[in-house]
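Engineer: Here is my input; please provide its structure:
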Amino acid sequence: MASRPERLLRGSDAPLSASFLELFFDLAFVLALSQLAHHLLADLTPVGASRTALLLAAVWWLWVTTTWSTDWYDPETPAIRILLVAATLGALLAGVAVPEALDGRGPLFAGAYVAVHVARGVITGFALRGHPRQGRALRVLSWFCVSAVPWLVGAFVPSWRIPLWMLGLAIDVVGPPLGWPIPRFGRARQKELRLTGQHFAERYQQVMIVALGELILVAGLAYSGTRTSLPQTVTFLLIFATAVLIGLLYVTPAGSFLGPAIERGTPSGLGATTGYLHLLMIAGVVSTAVGAELAIAHPTETGDLTAVAVIGAGPTLFLAGRILLSMAIYRRFSWPRLAGLPVMVAATGATRMMPLLAVTAATTAVLFVVAVVDHAGLLASRRVRRSAL
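Structural biologist: So this is what the prediction gives:
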């Protein structure tokens, strides 16, 4: 019979699919993404975009670290269930604080962020006492305790909030690739950090669906608040097509290869890298949602440079993240997607003096061509492999 600490760990026979509470946790991410989109919409300046990016990275890191924990530990055990419910509450509170996180609700945002990380480390470290995996839990806890200092100090010192939070976030995101080293005990071994590829790949697909759901929700709400004129209807349909194309470009063909690639790679290498690259793609979807709201509300108006930049930035960021993900998985670039980047930038620039409907149509058309060419290349490579057999 397994010891009490051993039962906390995810066994080799544990289901690889996400548990109910993992999916429940994703609901908090829905609120956070919606709040982040409105945060960006309220300040469409480079400074506003950088502030939104900081908050998005923090919220995303809550999701990533929670997913790592449910990959290491059995989500059906009482302790991890409690942690998942607590993480959901913490993510909800962080989402609630997002609109004023850099103003009056800084303590709420930072407190929720720090509490989720520290509570996870304390509970798992205590539950694993006497077990070899306790060292991993204590290493991670030590790093989050260090990063908690700039997070909490920044929450109560508004003038230093942004630089201190950037420092705290930097400490958090560099921990995984370094193996969370601590003095005298060094870093965690790769065996201790091993990830289950199929579980992680499924969780990434689920969170991408959540992000795309936010895009569709924003577009639907924006469209429902209009007179549903022909230009607004066409713009809404283009945004829906953009959501479909982003989903197709994400899952084809990496959806079937991401899991095995994570299994083969090192957790501190590919395991951490996939988290960073999905952040870039999620940022692209959030930016696309903001652009959708602008375009649907004013499809026939010639937008200012900022509005045009937001509409073009979303698909561009997604393509950049998706290209780098293919590079991480296959060790080679996807040439149709790589070529799509400068074409996307050029198409956005060429339509900058046109109505926002035209800008949206141009970005959607580029995504469509990239998807078609990419799919054709995939079919051709399959035919070559079959003929070789």
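Engineer: so which helix or strand takes in the one residue sitting closest to the centre of the chain?
Structural biologist: Taking CA atoms, centre = their mean, the centroid of the chain lies closest to L279, which sits 3.7 Å from it. Under the criterion of DSSP states H and E, L279 resides in helix 272-297.
Engineer: what about the following helix or strand past that helix, distance to the chain center?
Structural biologist: Downstream of helix 272-297, the first helix or strand assigned by DSSP H and E is helix 305-330. Mean-position distance between helix 305-330 and its chain equals 13 Å (CA atoms, centre = their mean, to the nearest Å).
Engineer: returning to what we had before: from W60, how far out is the residue nearest to the centre of the chain?
Structural biologist: Per CB to CB, to the nearest Å, L279 is found 5 Å from W60. Backbone N, C-alpha and C define where each C-beta goes, glycine included.
Engineer: Equivalent analysis for Y330, please.
Structural biologist: For Y330 relative to W60 (CB to CB), the value is 24 Å.
Engineer: which of these two has more neighbours?
Structural biologist: W60 (23 against 13; other CB atoms under 10 Å).
Engineer: Which positions in the helix holding L279 come out as buried?
Structural biologist: Across helix 272-297, burial judged by 16 or more other CB atoms under 10 Å covers 272-296.
Engineer: do the same with stretch 328-346
Structural biologist: Buried, per 16+ other CB under 10 Å, within stretch 328-346: A328, I329, S334, P336, R337, G340, L341, M344.
Engineer: Now pLDDT, secondary structure and distance to T124 too, for those, in CSV please.
Structural biologist: Output for those, formatted as CSV (pLDDT from 0 to 100; DSSP: H, G, I helix; E, B strand; the rest coil; distance: CB to CB, whole Å):
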residue, pLDDT, secondary structure, distance to T124
A328, 84, helix, 28
I329, 82, helix, 30
S334, 74, coil, 38
P336, 76, helix, 43
R337, 80, helix, 39
G340, 87, helix, 43
L341, 91, helix, 41
M344, 93, helix, 43
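Engineer: Hmm, the residue nearest to the centre of the chain is touching A57, no?
Structural biologist: Yes. Here L279 lies in contact with A57, judged by CB atoms under 8 Å, at a distance of 6.2 Å.
Engineer: and the residue nearest to W63 when sequence neighbours are not counted, what does it touch?
Structural biologist: Spatial nearest neighbour of W63, chain neighbours left out: F29 (5.8 Å); criterion: CB to CB, 6 or more residues apart in numbering. When contacts are counted by CB atoms under 8 Å, 6 or more residues apart in numbering, F29 touches V59, W63, A91, G95, V207, V210.
Engineer: between those, which is nearest V122?
Structural biologist: A91 (18.2 Å; CB to CB).
Engineer: How much space separates the residue nearest to the closest one when sequence neighbours are not counted from P260?
Structural biologist: Distances taken as CB to CB, 6+ apart place A28 nearest to A91, at 3.6 Å, with adjacent residues excluded. Counting by CB to CB, the separation of A28 from P260 is 30 Å.
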